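K.L.:
Sequence first, predicted model second:
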Protein chains: 2
Amino acid sequence: MINLLRKTFGFIFESSLIEEINKIGTLREVSAEEELIRFGEFVKGVPLMISGAVRVNRVYPDGNELFLYYIEEGDTCSMSLNCCTQQKKSEIRAVAEIDSKFVMIPVSKVEGLISKYPSWRQFVFSSYHNRMVEVVYALEKVAFEKLDDRLAEYLHQKSRITKSDTLQMTHQEIAEDLRTSRVVISRLLKKLEQMGKLKLQRNTVELIPEIK
Amino acid sequence: MINLLRKTFGFIFESSLIEEINKIGTLREVSAEEELIRFGEFVKGVPLMISGAVRVNRVYPDGNELFLYYIEEGDTCSMSLNCCTQQKKSEIRAVAEIDSKFVMIPVSKVEGLISKYPSWRQFVFSSYHNRMVEVVYALEKVAFEKLDDRLAEYLHQKSRITKSDTLQMTHQEIAEDLRTSRVVISRLLKKLEQMGKLKLQRNTVELIPEIK
DNA sequence: AATTTAATGTAACAAATGTTACAAAGCCTT
DNA sequence: AAGGCTTTGTAACATTTGTTACATTAAATT
């Protein structure tokens, strides 16, 4: 585990911190679609992403969900950071988008790291800030852009996260993420297909990389 | 100044911290409409709000703006916190919504406070988190709600912030905040007036408090 | 008071998105 | 191969929001 930690966090954390994380943290591997953090549960720890990508959604009591941000290699989840310092139940849900590895730091140790290691503090601050920037970005998209652009952007992000041009998903699933109806998505996808930007097949959307 | 600090922050900061802030900070008073933080400038310090309310907007290079959150009594601006630790130019604009008082802590002293005072750290973390919650709330509104509900919500928020049921603003200004056109706002305001929720006059929208 | 300017009201139309209903195609099971 | 289920395609229509254009009204200025 310590080698994974060194590889991902060696440039931002001093080695004494890496060693301490190695002692108190536990390595976890999850496969795509697995739930890391469930809605309404107490947060057990703070995840340090080693590899992969996890999608973080705000969840509402009525079951409604809203995508907030991805956490990727080198990131942590600022929402759970707060949940754990406040001992609150989770208002988010985190689901692995692809197979992922991360180190879980137990809640009880987080405060200690904060007071002991300036580089950890720096990391936590910049993590908060980066997540904020991403939520603001999501807000921007919804506030300024039309659905067709948001769809195109969504597909590209998915492709980047899953490291694949061929997305295995149904129109219905896309519609849920963009908070619209399946018919609307089918219509717009068809339009994008006619523009030569992608190819559609049952359960798959294949993005065609632009040649510039 | 120290009495103002005690009154607003006495419950969260230990007295040695209050005294230190009193030494290094400077009290500033601004009147409504004054700009606290300008787009593109280096951030000079972190504001601790004593009273009043300040509106924080994301600003884009093309001049476009997007409302993010208000900071009120007892709050600080997490975006400027980050700008200052990173020595970056401001990507936001902060404008006093009403006459406001705040204590400005110079950038150079912030890092020191963080390592020295646990209560300051706690404050900074919860500030980050609260701002995040508000941006998520804004995202929620845009993602889920129709324009008429967003307008009603917007008017209530304005009323709360300005502590007045009579809002002095034009339809044009409202339209800019909600990213739509004046005609649309006029239309919806008329609808709300016909529903008995408000009264319209030139330059004013008077909310009619609901009797329950 | 007359003139100018800013703000609002309203109609008519355009575009974007949402909804319903149903047909067609693909995949799975037996 | 037949039947059933899921997914996708498409039409027709409703609603919401955006746009243009112009009339009307209120306030500010002269």
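P.N.:
Structure's in. What do you need? Note that the coordinates shown come from a computational prediction; the quantities given were computed from them, not determined experimentally.
K.L.:
drop to CA atoms for contacts and neighbour counts, all remaining ones
P.N.:
OK.
K.L.:
the bottom helix or strand of chain A by mean pLDDT?
P.N.:
Within chain A, no helix or strand scores below helix A:78-86, which has a mean of 71 by mean pLDDT, DSSP states H and E.
K.L.:
which SS class is the most centrally placed residue in chain A?
P.N.:
What sits nearest the mean C-alpha location of chain A, by CA atoms, centre = their mean, is A:Tyr70, with 1.9 Å. At A:Tyr70, secondary structure determined by DSSP: H, G, I helix; E, B strand; the rest coil is strand.
K.L.:
Nearest spatial neighbour of it, chain-adjacent residues omitted?
P.N.:
Of all residues not flanking A:Tyr70 in the chain, A:Arg55 sits nearest, at 4.5 Å (CA to CA, 6 or more residues apart in numbering or on different chains).
K.L.:
what residues go with each domain of chain A?
P.N.:
Split into domains by automatic domain parsing, chain A comes to A:2-142, A:145-207.
K.L.:
Which one of the residues in chain A is closest to chain B?
P.N.:
Nearest residue of chain A to chain B: A:Leu139, at 5.1 Å (CA to the nearest CA).
K.L.:
Kindly report the residues of chain A close to chain B.
P.N.:
Selection of chain A residues close to chain B by CA under 8 Å from any CA of the partner chain yields A:66, A:68, A:79, A:82, A:115, A:118, A:125-126, A:128-129, A:132, A:135-136, A:138-140, A:142-144, A:179.
K.L.:
Okay, buried residues for the longest helix seen in chain A please.
P.N.:
Ranked by residue count and defined by DSSP state H, the top helix of chain A is helix A:118-144. Using 16 or more other CA atoms under 10 Å in any protein chain shown as the test for burial, helix A:118-144 gives A:118, A:120-133, A:135-136, A:138-143.
K.L.:
before we move on, what about stretch A:93-110?
P.N.:
Of all the residues in stretch A:93-110, those buried under the rule 16+ other CA under 10 Å are A:93-107, A:110.
K.L.:
so who does the residue of chain A closest to chain B touch?
P.N.:
Listed by CA atoms under 8 Å, 6 or more residues apart in numbering or on different chains, the contact set of A:Leu139 reads B:Val135, B:Ala138, B:Leu139, B:Val142.
K.L.:
and it, how far is that from DNA strand C?
P.N.:
Distance of A:Leu139 to DNA strand C, given as CA to the nearest atom of the strand, to the nearest Å: 14 Å.
K.L.:
helix or strand right after whatever helix or strand A:Ile18 lives in?
P.N.:
Assessed by DSSP states H and E, A:Ile18 sits inside helix A:15-24. Counting by DSSP H and E, the next helix or strand C-terminal to helix A:15-24 is strand A:26-30.
K.L.:
and that following strand, how far from the chain's centre?
P.N.:
Averaging C-alpha positions (CA atoms, centre = their mean, to the nearest Å) puts strand A:26-30 16 Å from its chain's average.
K.L.:
repeat for stretch A:179-186
P.N.:
Between the centre of stretch A:179-186 and the centre of its chain there are 23 Å (CA atoms, centre = their mean).
K.L.:
same thing with stretch A:17-36?
P.N.:
15 Å.
K.L.:
before we move on, back to that, spit out the contact partners of the residue nearest to the centre of chain A.
P.N.:
For A:Tyr70, the contacting residues are A:Ala53, A:Val54, A:Arg55, A:Val56, by CA under 8 Å, 6+ apart.
K.L.:
what secondary structure does the nearest residue to the last one once chain neighbours are set aside sit in?
P.N.:
If the residues on either side of it in the chain are set aside, A:Val56 comes closest to A:Ala94, at 4.5 Å by CA to CA, 6+ apart. Three-state assignment for A:Ala94 (three-state DSSP): strand.
K.L.:
residues in contact with A:Ala94?
P.N.:
Counting by CA under 8 Å, 6+ apart, A:Ala94 has contacts A:Glu35, A:Leu36, A:Ile37, A:Arg38, A:Val54, A:Arg55, A:Val56, A:Asn57.
K.L.:
Residues of chain A that sit close to DNA strand D?
P.N.:
When proximity is defined by CA under 7 Å from any atom of the strand, chain A lies next to DNA strand D at A:169-172, A:183, A:186-187, A:189-190, A:200-204.
K.L.:
Among those, which one lies nearest to B:Pro209?
P.N.:
Closest approach between the residues of chain A next to DNA strand D and B:Pro209, by CA to CA: A:Val183, at 41.1 Å.
K.L.:
Whether the host helix or strand of that closest one contacts DNA strand C - can you check?
P.N.:
If you go by DSSP H and E, A:Val183 is part of helix A:182-194. Yes - counting by CA under 7 Å from any atom of the strand, DNA strand C has neighbours in helix A:182-194: A:Val183, A:Val184.
K.L.:
What about the buried residues of stretch A:93-110, which are in strands?
P.N.:
By the criterion of DSSP state E, membership of the buried residues of stretch A:93-110 in strands covers A:Arg93, A:Ala94, A:Val95, A:Ala96, A:Ser100, A:Lys101, A:Phe102, A:Val103, A:Met104, A:Ile105, A:Pro106.
K.L.:
Show me what the fourth one is bridged to.
P.N.:
Here A:Ala96 shows beta-bridge partners A:Val54, assigned using DSSP bridges.
K.L.:
Hmm, it is touching A:Asn57, no?
P.N.:
No - in this structure, A:Ala96 is not within contact of A:Asn57 by CA atoms under 8 Å, at 11.3 Å.
K.L.:
The nearest residue to A:Ile71 once chain neighbours are set aside: how many residues sit nearby?
P.N.:
Leaving aside its sequence neighbours, A:Ile71 sits nearest to A:Val54 (CA to CA, 6+ apart; 5.2 Å). Counted with other CA atoms under 10 Å in any protein chain shown, the neighbours of A:Val54 add up to 30.
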